[in-house]
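S.K.: fold the stuff below for me.
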Amino acid sequence: MTDDTPLLIKRYASRRLYNTETSDYVTLEDIATFIRDGREVQIIDLKSGDDLTRQYLLQIIAEHESKGESVLPINVLMDLVRSYTSSANSVVPQFLAASFEMLRDGQSKMMENMGKMNPMAKMPGFETMQAQQKAFLNAMTGGMGPWPPRPGEAPKAGGGSDLDEIKAQLAELQAKLARMNK
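M.R.: The predicted structure is shown next:
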């Protein structure tokens, strides 16, 4: 079985989660580790066949946020809550997907440049650190595509420095989000 195949997790009536590849029970933290390692997962209710993946991913995020491992600022969380009751809710998923894609593309460009001009690139363990950062980003973007991007999907070249370009894109996205909430 390849890493492109989602890892099937079955939820039993007892709410225990069963890894079908290793034939053992797993925890939410185990599932989070699979995802951080770049693995896609799919969680299915054994009895009903319902896909519970979204529910469990949200639970993993909520647990990390409650432990002080905050990634989502309060204003973003509030905007997400508002999006469920606004007429703009059909735009929010596409907006979030585009935002994470821009983040992934910016990270890819930064990692590429870091390897070229960073003296640390020659230090032992640097490749491991880069691989961990890539896995983290893949986990944060919910596996919304390959990491690194496929050839031909590289970020678009801009006029200024990479950081300035990313800042400008972020400011533009924030402005669009603010307009959507009005």
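S.K.: next helix or strand past the lowest-mean-pLDDT helix or strand in the chain?
M.R.: Using mean pLDDT, DSSP states H and E, the weakest-scoring helix or strand in the chain turns out to be helix 126-140, at a mean of 69. Using DSSP states H and E, the helix or strand that directly follows helix 126-140 along the chain is helix 162-180.
S.K.: other SSEs contacting that next one?
M.R.: Counting contacts by 3 or more CB pairs under 8 Å, 6 or more residues apart in numbering; DSSP states H and E, helix 162-180 is packed against helix 92-117. Any C-beta I mention is one placed from the backbone N, CA and C, and that applies to glycine too.
S.K.: point out where this structure drops to low pLDDT.
M.R.: 1-3, 86-90, 111-123, 126, 135-162, 182 (pLDDT under 70).
S.K.: please redo it, this time with the cut-off set to 80
M.R.: 1-4, 69-70, 82-96, 100, 104-105, 107-168, 175-182 (pLDDT under 80).
S.K.: Lys10: which element?
M.R.: strand 7-11.
S.K.: partners of the helix or strand just after that strand in the sheet?
M.R.: Later in the chain than strand 7-11, the nearest helix or strand by DSSP H and E is strand 17-19. Applying DSSP bridges, strand 17-19 is found paired with strand 7-11 (antiparallel), strand 24-26 (antiparallel).
S.K.: is the nearest residue to Arg39 once chain neighbours are set aside bridged to anything, and to what?
M.R.: Once flanking residues are discounted, Arg39 sits nearest to Leu7: 5.5 Å by CB to CB, 6 or more residues apart in numbering. Leu7 forms beta bridges with Val41, as assigned by DSSP bridges.
S.K.: for Leu7, give me its contacts.
M.R.: Contacts for Leu7 (CB atoms under 8 Å, 6 or more residues apart in numbering) come out as 19-21, 34, 39-42.
S.K.: for ChimeraX, write the select line for the buried members of those residues.
M.R.: Selecting only the buried entries of the contacts of Leu7 in ChimeraX, with 16 or more other CB atoms under 10 Å as the criterion:
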select :19,34,39,41
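S.K.: nearest to Leu170, out of the contacts of Leu7: which one, please.
M.R.: Glu40 (27.2 Å; CB to CB).
S.K.: wait, the closest one touches Asp4, no?
M.R.: Yes. Using CB atoms under 8 Å, Glu40 makes contact with Asp4 at a distance of 7.5 Å.
S.K.: what is the burial count for the residue nearest to Leu46 when sequence neighbours are not counted?
M.R.: Once flanking residues are discounted, Leu46 sits nearest to Lys10: 4.7 Å by CB to CB, 6+ apart. By the criterion of other CB atoms under 10 Å, Lys10 has 16 neighbours.
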